[in-house]
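Novice: Quick one: sequence plus predicted model below, questions after.
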Amino acid sequence: MSLPYKATLASPCKLNLTLDVGLPRPDGFHELDSLVVLLSAADEVTVTVKPGPRTVKLIVKDRRPDSVASEPMPKGAENLAHKAAQLALDTLAPGQELQVWITLAKRLPAQAGLGAGSSNAATVLQAVGAALEASADALLPLAAQLGSDVALFLAPPAPSAPPAPTSGGAYVVRMRGRGERVEPVALELPKLYGVLTRPAVGVPTGPAYALLDALPNRLPGTATEALLTNTGLAPPLVGAGGAALSNDFEAAVLPAFPEVAALHAALTEAGAVRALLCGSGSSVFGLARDRAHALELVKKLAGRVAWLKLVESL
Ligand SMILES: C[C@](O)(CO)[C@H](O)COP(=O)(O)OP(=O)(O)OC[C@H]1O[C@@H](n2ccc(N)nc2=O)[C@H](O)[C@@H]1O
Ligand SMILES: Nc1ncnc2c1ncn2[C@@H]1O[C@H](COP(=O)(O)OP(=O)(O)OP(=O)(O)O)[C@@H](O)[C@H]1O
């Protein structure tokens, strides 16, 4: 262990290309089946691990524009980045005189379905894990304790997993269980471009699942399995009008949140190949044919939506 350790890392957001949500389990969580890519839009996390009295110190620099900054951003022990550091210290270095200092430059909106808080937690886990020379396998159970979405942000994949695509395509993860079971998928997806948008309102995750449960006679989607089995290695995501993309939350969240539905419609009207709700919302992704098309969408929508960003898959 070589201390002090210091790293500044991008903490990216995610996009569920498919999101099939099962019926509620006895523990209240929902069984998921989802294909996920990471997107270029990111927060920035600087982590320092050094000898000293056991403490976790967090500085949050809130860089979110005012238009999407109304959701609370915990600055102390409630912040997922702080929780991740505390959990990593307690589990990986019990009793050792070590401290973790974190600076979180927050750019991504919260309550957006982008998993930004989960990503922050995973980034901190990775940094503290690297400082303490912990194995990737040791971090996975910690991720699951912090939130359902945290594991998917723990890259690189386990050594036993198939390699990520090498042709400049997207790195795709299949997420199952309540979200904690993740495996890289050898899908040769082209790099995806699009515009990521968010209305002024956020959608909290728990209530979004409750809205889904309240839909009468709801049948969980099967888009993930269909995409993997029917289209083999080259899913025509962009070519087929984005028909392979799917999110079960759209049927519940769009009718309940008019601002989200309006944004979804605005993206379609602006010419996106497909407008897709991000996770449980409130962000909406507009899929573009290529980078030039994504830029065109940004120009059309600029000034009309609370937050937007040109993004590409990682
Ligand atoms: C919608 C997604 O973004 C899809 O990737 C995730 O499922 C959200 O994951 P997350 O924000 O990490 O969720 P957690 O913080 O673990 O849980 C928040 C709440 O969402 C609900 N929840 C979450 C995950 C899941 N598989 N089933 C659920 O029912 C539960 O009510 C839970 O209390
Ligand atoms: N580091 C953090 N970044 C963002 N939110 C955080 C963080 N730590 C705690 N939170 C709390 O978590 C809530 C939701 O965070 P997050 O951004 O992960 O939700 P989300 O965009 O809905 O993502 P998900 O796709 O996981 O549902 C916020 O409203 C905030 O109170």
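Specialist: Structure received. Ligands and ions are numbered 1, 2, ... in the order given.

Novice: going forward, measure contacts between C-alpha atoms and count neighbours the same way
Specialist: Will do.

Novice: Helix or strand for Ala134, just tell me which one.
Specialist: For Ala134, there is no helix or strand it lies in under DSSP states H and E.

Novice: Pretty sure it sits against Leu89.
Specialist: No: taking contacts as CA atoms under 8 Å, Ala134 lies outside contact range of Leu89: 11.2 Å.

Novice: quick one, which of those two is more surrounded?
Specialist: For Ala134 and Leu89, the more surrounded residue by other CA atoms under 10 Å is Leu89, and the numbers stand at 25 against 18.

Novice: How much space separates the residue of the stretch 201-314 of the chain found nearest ligand 1 from Leu310?
Specialist: Closest contact between the stretch 201-314 of the chain and ligand 1, by CA to the nearest ligand atom, is at Gly206 (3.9 Å). To Leu310, Gly206 is 28 Å away according to CA to CA, to the nearest Å.

Novice: For the closest residue to Pro51 other than its chain neighbours, the count of nearby residues, please.
Specialist: Counting by CA to CA, 6 or more residues apart in numbering, Pro51 lies nearest to Leu98, which is 4.5 Å off, once chain neighbours are set aside. By the criterion of other CA under 10 Å, Leu98 has 18 neighbours.

Novice: gap between Leu98 and Asn79?
Specialist: To Asn79, Leu98 is 20 Å away according to CA to CA.

Novice: re earlier: the residue of the stretch 201-314 of the chain closest to ligand 1: helix or strand, and which one exactly?
Specialist: Short version, using DSSP H and E: Gly206 is in helix 205-213.

Novice: Distance from the chain centre to that helix, please.
Specialist: 18 Å (CA atoms, centre = their mean, to the nearest Å).

Novice: which parts of that helix are buried?
Specialist: For helix 205-213, a neighbour-count test (16 or more other CA atoms under 10 Å) marks Ala208, Tyr209, Leu212, Asp213 as buried.

Novice: need the contact list for Ala200.
Specialist: The contact partners of Ala200, by CA atoms under 8 Å, 6 or more residues apart in numbering, come to Ser67, Val68, Glu259, Ala306, Trp307.

Novice: wait, what's in contact with the fourth one?
Specialist: By CA under 8 Å, 6+ apart, Ala306 lies in contact with Ser67, Val68, Thr197, Arg198, Pro199, Ala200.

Novice: do that again at 10 Å, thanks
Specialist: By CA atoms under 10 Å, 6 or more residues apart in numbering, the contact set of Ala306 is Pro65, Asp66, Ser67, Val68, Thr197, Arg198, Pro199, Ala200, Val201, Leu263.

Novice: Among those residues, name the buried ones.
Specialist: Val68, Thr197, Arg198, Pro199, Ala200, Val201, Leu263.
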